[in-house]
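Trainee: predicted model and sequence follow; I will ask about them next.
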Amino acid sequence: METERLIIDQIRPEDHLDYYTNISHDRRVLETFICAYAESPDDLDISRYVGRDDILAIRLRETGKLIGILSIFAQKDDGSCEIGYGLGSRYWNCGYASEAVKRLIEHLFTDRNMKKIYASFFTGNDSSRRVMEKCGMTYSHFSPGELVYQGRKRDLTYYCISR
């Protein structure tokens, strides 16, 4: 998949250092994106993500560098799924997340025949809420204390979009 500025494709073994730098070692990202922290590149094993169709790299078109990831999960028989996204903090506020999520939604509706797509954010994460709104998603529901992350219960707010 491509956009004006991005390439969205499978994760490759050579993405190891970019994944480490932009996701698993970026504490700002890990405040809002669920991923285990890696102290050093040696602490990160991305082999379980390589080549999958449900965890995808967000790359800068001009360099091919992995700057973030998209995930597709919780696929149900009713034609719905949930998506997630994480972007290295140095790439925030550039429109990359909205661009990538819009393209993923288009792909899921057109190529995977999904009928409804959900995404959630830790309540209070207004940046993620704005990404969802820019992509045409609307409020679905609030889920208090749905999960424990980084040692505390977190409220989630869900947004969705229908085909």
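Mentor: Received the coordinates, thanks.
Trainee: all contacts plus neighbour counts: C-alpha atoms, from now on.
Mentor: OK.
Trainee: looking at this protein, which helix or strand does the model trust least?
Mentor: helix 27-30 (a mean of 90; mean pLDDT, DSSP states H and E).
Trainee: mind listing what's buried along it?
Mentor: V29, L30 (16 or more other C-alpha atoms under 10 Å).
Trainee: now do the very next helix or strand once past it: which elements does it pack against?
Mentor: Downstream of helix 27-30, the first helix or strand assigned by DSSP states H and E is strand 55-60. When contacts are defined as 3 or more C-alpha pairs under 8 Å, 6 or more residues apart in numbering; DSSP states H and E, strand 55-60 packs onto strand 6-10, strand 66-73.
Trainee: could you export strand 55-60 as PDB, CA atoms only?
Mentor: Taking Å, rounded to 0.1, in the frame of the first residue of the first chain, the C-alpha atoms of strand 55-60 are listed here in PDB:
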ATOM      1  CA  ILE A  55       1.300  -6.000  11.700                       C
ATOM      2  CA  LEU A  56       2.600  -3.600   9.100                       C
ATOM      3  CA  ALA A  57       5.400  -1.100   8.800                       C
ATOM      4  CA  ILE A  58       4.800   2.500   8.100                       C
ATOM      5  CA  ARG A  59       7.700   3.700   6.000                       C
ATOM      6  CA  LEU A  60       8.800   7.100   4.700                       C
END
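Trainee: quickly run through the sheet partners of it, with directions.
Mentor: When pairs are called by DSSP bridges, strand 55-60 turns out to pair with strand 6-10 (antiparallel), strand 66-73 (antiparallel).
Trainee: of all the ones you listed, which lies closest to V50?
Mentor: Nearest to V50, of all the strands paired with strand 55-60, is strand 6-10, at 6.7 Å by C-alpha to C-alpha.
Trainee: pull the distance from the closest one to the chain's centre.
Mentor: The gap between the average C-alpha position of strand 6-10 and the chain average comes to 12 Å, counting by C-alpha atoms, centre = their mean, to the nearest Å.
Trainee: okay if I get the helices and strands packed on strand 55-60 as JSON lines plus distance to R28 and mean neighbour count?
Mentor: What follows is these, written out as JSON lines (distance: least, C-alpha to C-alpha, whole Å; neighbours: other C-alpha atoms under 10 Å):
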{"stretch": "strand 6-10", "distance to R28": "22", "mean neighbour count": "21"}
{"stretch": "strand 66-73", "distance to R28": "13", "mean neighbour count": "22"}
